[in-house]
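Asks: can't give you the sequence, but here's the structure:
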């Protein structure tokens, strides 16, 4: 698989579809795959890694597959390296609580047409609210932006979040807002979700949008028909025309079979009594559930985490426990190796920016931070980064997932096994490619002895099982912990692109690209995912190589 496979956005092939209520796709609107062998589904916001962590609960993911539903009705797998804090996920689990499959999906993809007061946006006709303080809503993590004020009208963005309704109507409480490229091969697609009303033979209303459909529109599941009150996701290969959207495909969301163990996050709607209300598109019976806190009163608009099992006879989730949702009760957690090290205030763990300038350190000190060091981070979301409260130096154990940068040796094509000597470590470690690995900046044919790579891998039976191979642009890592000009390689989403000045911003660093050799797929610009190698001096990285990874 190539870089294009990594970055391709496609709709997830689903076993289950859900019908829901007011204002968006619903966090559990695409629960999938339980019939393929899983024993449970957990739906919610990703709050960390080191397992995949959803709403503060860990699900080991060392052998889990990942996929993404996005802009079209096709299906593509997803590299673990592209999974991010704040995304909405549905995690299939086995009897031991291990993640077997993780499905990632946004609520909205489209152009920002308006920026309002109080951190509100209109995206593809959908109202979006970003949050930095209200504990009843998810905290918003930004990708490609440093903060809300960086968003501009005309930007193309991807929004993850929880559908909610207030006095002004439906909206998405954003858990992640990510900048996307504004130009796309064949045109940029649009994705929206909501509840059908005013249905006729050629159109219907979805929130504030009029959706037009016809004989060429693909409607799934096959054999299902559109109806007023039905929850749908609409995909379009054409941009909005005012408030009109022409549907390329429509996915109807209806729970059609039994799901075993289920955990959902969302706001109450259609409340009748504790035995009948809706959360995230699923009807819930909580008559016998334990409520936490004990004083919790269920009512429309109250955000909950619901656990229970699905009863096919009544078509309801029979809740065993209900916890009031509070985003301030869940710490951000990251466990893995340091990458993209610039300073104590600017590095990554599992693809997430970290600022550890105010952290308490254990089993080491701030001066020990450098690429390939294994750490456990605890903290809070602060715009585009995790503000670390604690940093613990540690060592890997079975099931650990790391991003290891180093030089390949002992590669054997017949077995797909090799060793890698990680930067800043003296001892080589054994590795083997997974059955269908992802490649960034190259292909499987490019992998061989002497190659400088970063592998995303999980430690299984004493060997690193490689999910993704990224071919590095430089010859070595700076390692961190040094002063003055250093050779540095960073990856992320380009923003503040200025062609005339030959600069853009990346992870809080200004990149000068006017003399860089640029390779890869696509055109360098705002919202493009890139690898950059060059000389870092202060907060300026003078690039000699840039690889476009979109």
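Replies: Received it, and whenever you're ready, just let me know what you need. Note that the coordinates shown come from a computational prediction; the quantities given were computed from them, not determined experimentally.
Asks: could you give the backbone dihedrals for residue 488?
Replies: Phi and psi for residue 488, reported as degrees, to the nearest 10, are phi -140, psi 140.
Asks: residue 321: how many residues sit nearby?
Replies: By other CB atoms under 10 Å, 14 other residues sit near residue 321. Any C-beta I mention is one placed from the backbone N, CA and C, and that applies to glycine too.
Asks: so it touches residue 307, yeah?
Replies: Yes. With contact defined as CB atoms under 8 Å, residue 321 counts as touching residue 307 (4.8 Å).
Asks: which stretches of the stretch 351-500 of the chain have low pLDDT?
Replies: Within the stretch 351-500 of the chain, the segments meeting pLDDT under 70 span 476-485.
Asks: now do the strands in it.
Replies: Counting by DSSP state E, counting those that start in this stretch, the stretch 351-500 of the chain has strands at residues 352-355, 360-362, 374-382, 385-393, 401-412, 417-422, 429-440, 452-460, 463-471, 486-493, 495-498.
Asks: neighbouring strands of the last one in the sheet, and parallel or not?
Replies: Read that as strand 495-498. strand 503-506 (antiparallel) (DSSP bridges).
Asks: which SSE is immediately downstream of the partner strand?
Replies: Of the helices and strands lying after strand 503-506 in sequence (DSSP states H and E), the nearest is strand 509-512.
Asks: got the residue ranges for the strands in the stretch 101-250 of the chain?
Replies: Under DSSP E, counting those that start in this stretch, the stretch 101-250 of the chain gives strands at 108-115, 120-123, 126-129, 141-143, 156-166, 169-180, 190-197, 203-206, 209-212, 218-220, 231-236, 244-246, 249-253.
Asks: for the fourth one, packing partners?
Replies: Right, strand 141-143. strand 169-180 (3 or more CB pairs under 8 Å, 6 or more residues apart in numbering; DSSP states H and E).
Asks: please redo it, this time with the cut-off set to 10 Å
Replies: Contact partners of strand 141-143 among helices and strands, from 3 or more CB pairs under 10 Å, 6 or more residues apart in numbering; DSSP states H and E: strand 40-49, strand 156-166, strand 169-180, strand 352-355, strand 374-382, strand 385-393, strand 486-493.
Asks: ok, now the last one?
Replies: Strand 249-253 sits against strand 190-197, strand 218-220, strand 231-236, with contacts defined as 3+ CB pairs under 10 Å, 6+ apart.
Asks: which of those strands has the highest mean neighbour count?
Replies: Across the helices and strands packed on strand 249-253, averaging neighbours per residue (mean count of other CB atoms under 10 Å) puts strand 231-236 on top, at a mean of 26.
Asks: partner strands of that strand, parallel or antiparallel?
Replies: Applying DSSP bridges to the sheet, strand 231-236 is found paired with strand 190-197 (antiparallel), strand 249-253 (antiparallel).
Asks: residue 129 is nearest to which of the strands of the stretch 351-500 of the chain?
Replies: Proximity to residue 129 (CB to CB) singles out strand 374-382 among these, at 15.6 Å.
Asks: if we can go back for a sec, mean pLDDT and distance to residue 361 added to the strands paired with strand 231-236, as JSON lines?
Replies: As requested, those are exported to JSON lines (pLDDT from 0 to 100; distance: least, CB to CB, whole Å):
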{"stretch": "strand 190-197", "mean pLDDT": "87", "distance to residue 361": "42"}
{"stretch": "strand 249-253", "mean pLDDT": "85", "distance to residue 361": "46"}
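Asks: so which of these gets nearest residue 301?
Replies: Closest to residue 301 of the strands paired with strand 231-236, according to CB to CB: strand 190-197, at 16.6 Å.
Asks: residue 228 versus the residue of the chain positioned farthest from its centre, what's the distance?
Replies: Largest separation from the mean C-alpha position in the chain: residue 201, at 36.1 Å (CA atoms, centre = their mean). Distance, residue 201 to residue 228, by CB to CB, to the nearest Å: 13 Å.
Asks: same question, residue 114
Replies: 28 Å.
Asks: can you list the weak-confidence ranges in the stretch 201-350 of the chain?
Replies: By pLDDT under 70, the weakly predicted segments of the stretch 201-350 of the chain are 254-259.
Asks: dump the helices and strands packed on strand 141-143 to JSON lines, plus mean neighbour count and distance to residue 465.
Replies: Formatted as JSON lines, the helices and strands packed on strand 141-143 follow (neighbours: other CB atoms under 10 Å; distance: least, CB to CB, whole Å):
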{"stretch": "strand 40-49", "mean neighbour count": "25", "distance to residue 465": "17"}
{"stretch": "strand 156-166", "mean neighbour count": "24", "distance to residue 465": "28"}
{"stretch": "strand 169-180", "mean neighbour count": "24", "distance to residue 465": "28"}
{"stretch": "strand 352-355", "mean neighbour count": "24", "distance to residue 465": "22"}
{"stretch": "strand 374-382", "mean neighbour count": "21", "distance to residue 465": "17"}
{"stretch": "strand 385-393", "mean neighbour count": "20", "distance to residue 465": "24"}
{"stretch": "strand 486-493", "mean neighbour count": "22", "distance to residue 465": "22"}
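Asks: let's have the ones you listed in CSV, adding distance to residue 329.
Replies: Converted to CSV, the helices and strands packed on strand 141-143 look like this (distance: least, CB to CB, whole Å):
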stretch, distance to residue 329
strand 40-49, 11
strand 156-166, 16
strand 169-180, 15
strand 352-355, 20
strand 374-382, 11
strand 385-393, 14
strand 486-493, 29
